[in-house]
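> model the structure of this input:
(one chain, ligands or ions: 1)
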Amino acid sequence: MHDVLIIGAGPAGLSAALWCDELGLETLVLEQNEQVGGQLLSIYGPVEDYPGVRANNGREFLERFSESVGEADFDLWTNVEIESVDLKAKRVALRSGEALQSIAIMIATGVRRRQLGISGEREFAGRGIIESANRDRKEFAGKDVCVIGGGDAAAENALLLADVCPTVTLVHRRKTLRARPTFAQKLQGQHCITVFPESVVTRILGNDKVEAVEILRKDALKPFQMAVQGVVIRIGVEPNTELFREQLQLDEQGYALVTSQHETNVANVFAIGDVSNPLAPTISGASGAGATAAKVIASRLSGSR
Ligand SMILES: Cc1cc2nc3c(=O)[nH]c(=O)nc-3n(C[C@H](O)[C@H](O)[C@H](O)COP(=O)(O)OP(=O)(O)OC[C@H]3O[C@@H](n4cnc5c(N)ncnc54)[C@H](O)[C@@H]3O)c2cc1C
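Residues are numbered from 1 along each chain as shown. Just a heads-up that it's a prediction; the model follows:
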């Protein structure tokens with residue numbers, strides 16, 4: 001029995017655990033991965049906009065973050081597979097057979113990259129599907145690449161690859177890019193970047209490695225193939241809320257709906273960080289949400305103890 005069960009050990013979950021310890025709450029953090037850190041593990045460029053800490057990448061940032069979190073006293077289980085959660089009863093059942101009980105639950109499960117669900121996407125993971133332009137651009141220098149998506153992340157990846165690749169083709173569904181105007185302007189200034197609006201990639205093709213993409217442009221009757229050796233997929237993210245779908249009020253995209261104190265529709269169940277669709281999904285926002293939820297729980301428990 002713990003006071004608080006925190007599901008997810010990204011910035012939100014870890015920061016919440018730190019605050020729970022500070023406020024004297026017995027806390028257990030459950031993380032599905034072997035390593036904590038969440039999205040920090042996939043930031044290969046400098047971490048920005050977290051005042052007071054400069055880091056060249058997410059792992060470096062996580063080291064600093066872990067230094068202070070490591071001093072706190074809470075339980076952390078990694079490689080955990082959650083079988084089911086009863087939010088009302090505050091019970092969590094693990095695949096391994098354990099049943100956990102708490103007074104409050106914090107859902108800090110974050111988001112994951114959305115997938116296209118097309119042929120070739122999974123097959124060529126690590127064999128031409130570029131995980132991150134920041135990390136992999138040396139490997140793809142001199143190669144023709146395709147970037148799929150129209151937001152900031154797609155534009156940023158296209159711009160990074162344009163420094164080293166002879167051609168970069170950006171394929172996106174809408175008429176205009178969703179990326180911020182500064183990125184859109186920079187894209188226009190790059191001669192090696194071609195933008196295909198109102199278009200979709202329907203297949204990624206190759207033998208051992210990516211060799212081509214199949215593109216369908218709006219109003220075209222048939223798709224056409226274009227030779228590329230690398231593909232970046234950045235079509236947004238989706239929340240990790242499947243476990244709670246039947247019990248939580250979610251918005252139309254599946255994010256948890258919360259009050260200003262980060263509480264969900266179930267009493268003493270909080271959703272913190274990116275999983276609750278914050279206007280600014282950032283490390284500082286996730287950390288602040290964890291602190292707020294911990295404070296609310298502590299003040300309720302101090303009143304009832
Ligand atoms: C490429 C990139 C660059 C970024 N750059 C910046 C930046 O410069 N500055 C900035 O402030 N922010 C940046 N961000 C955003 C920032 O990383 C996120 O806002 C932050 O990580 C959100 O934290 P979180 O804890 O809410 O979620 P996450 O980081 O997504 O962590 C969620 C955790 O929950 C775990 N989890 C999920 N489901 C389960 C389950 N069922 N059981 C147990 N555990 C589960 C996941 O494995 C993960 O560890 C960047 C993000 C990316 C991807």
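> the ligand contacts on the stretch 101-250 of the chain?
Neighbours of the ligand within the stretch 101-250 of the chain, by Cβ under 6 Å from any ligand atom: 108-111, 240, 243. Using the backbone N, CA and C atoms, a C-beta is placed for each residue, glycine as well.
> can you pick the most crowded of the residues you listed?
Using other Cβ atoms under 10 Å as the neighbour criterion, Ala108 leads those with 33 neighbours.
> for that residue, give me its contacts.
Ala108 makes contact with 6-10, 12-13, 16, 271-273, 275, 286, 290 under the criterion Cβ atoms under 8 Å, 6 or more residues apart in numbering.
> repeat the analysis, applying 7 Å as the threshold.
6-8, 10, 12-13, 16, 272-273, 275, 290 (Cβ atoms under 7 Å, 6 or more residues apart in numbering).
> Phe74: which of those is nearest?
Ile6 (8.3 Å; Cβ to Cβ).
> phi, psi for that closest one please.
phi -110, psi 120 (degrees, to the nearest 10).
> got a list of what it touches?
Taking Cβ under 7 Å, 6+ apart, one finds 13, 16-17, 27, 29-30, 106, 108 in contact with Ile6.
> pLDDT and secondary structure added to those, as JSON lines?
Output for those, formatted as JSON lines (pLDDT from 0 to 100; DSSP: H, G, I helix; E, B strand; the rest coil):
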{"residue": "Gly13", "pLDDT": "97", "secondary structure": "helix"}
{"residue": "Ala16", "pLDDT": "97", "secondary structure": "helix"}
{"residue": "Ala17", "pLDDT": "97", "secondary structure": "helix"}
{"residue": "Thr27", "pLDDT": "97", "secondary structure": "strand"}
{"residue": "Val29", "pLDDT": "98", "secondary structure": "strand"}
{"residue": "Leu30", "pLDDT": "98", "secondary structure": "strand"}
{"residue": "Met106", "pLDDT": "98", "secondary structure": "strand"}
{"residue": "Ala108", "pLDDT": "98", "secondary structure": "coil"}
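> helices along the chain, start to end?
11-22, 58-70, 133-136, 152-162, 181-188, 283-304 (DSSP state H).
> so of those, which one's packed in deepest?
helix 11-22 (a mean of 27; mean count of other Cβ atoms under 10 Å).
> ok and that one relative to helix 283-304, angle-wise?
30 degrees (axes from the mean of the first three to the mean of the last three Cα atoms, to 10 degrees).
> against the ligand, how distant is Lys138?
18 Å (Cβ to the nearest ligand atom, to the nearest Å).
> ok, back up a step: nearest to the ligand, of the residues of the stretch 101-250 of the chain next to the ligand?
Proximity of those to the ligand was ranked by Cβ to the nearest ligand atom; the top entry is Gly110 with 2.0 Å.
> next, that closest one: phi, psi?
Dihedral angles for Gly110 - degrees, to the nearest 10 - are phi 60, psi -150.
> wait, Leu30 touches Leu76, no?
No. Leu30 is beyond contact range of Leu76, at 8.3 Å (criterion: Cβ atoms under 7 Å).
> neighbour-wise, which of the two wins?
Leu30 (23 against 19).
> which residue is the nearest non-sequential neighbour of the more buried one?
Nearest residue to Leu30, sequence neighbours excluded (Cβ to Cβ, 6 or more residues apart in numbering): Val80, at 4.5 Å.
> could you report the neighbour count for the one you found?
20.
> pull the contacting residues for it.
Residues in contact with Val80 (Cβ under 7 Å, 6+ apart) are 30-32, 94.
> can I get these in a markdown table including distance to Glu131?
Listed next are those as a markdown table, based on distance: Cβ to Cβ, whole Å:
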| residue | distance to Glu131 |
| --- | --- |
| Leu30 | 26 |
| Glu31 | 21 |
| Gln32 | 19 |
| Leu94 | 30 |
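> now which of the residues you listed would you call buried?
30-31 (16 or more other Cβ atoms under 10 Å).
> now for the contacts of Val80: which two are most distant?
Glu31 and Leu94 (12.1 Å).
> give me the residue from the stretch 201-305 of the chain nearest the ligand.
Per Cβ to the nearest ligand atom, Gly273 is where the stretch 201-305 of the chain lies closest to the ligand, at 2.1 Å.
> and that residue, how many neighbours?
33.
> and of the helices of the chain, who's closest to Met226?
helix 152-162 (14.9 Å).
> from the chain's centre, how far out does that closest one sit?
When distances are taken as Cα atoms, centre = their mean, to the nearest Å, helix 152-162 is centred 18 Å away from the chain's centroid.
> now stretch 46-66
16 Å.
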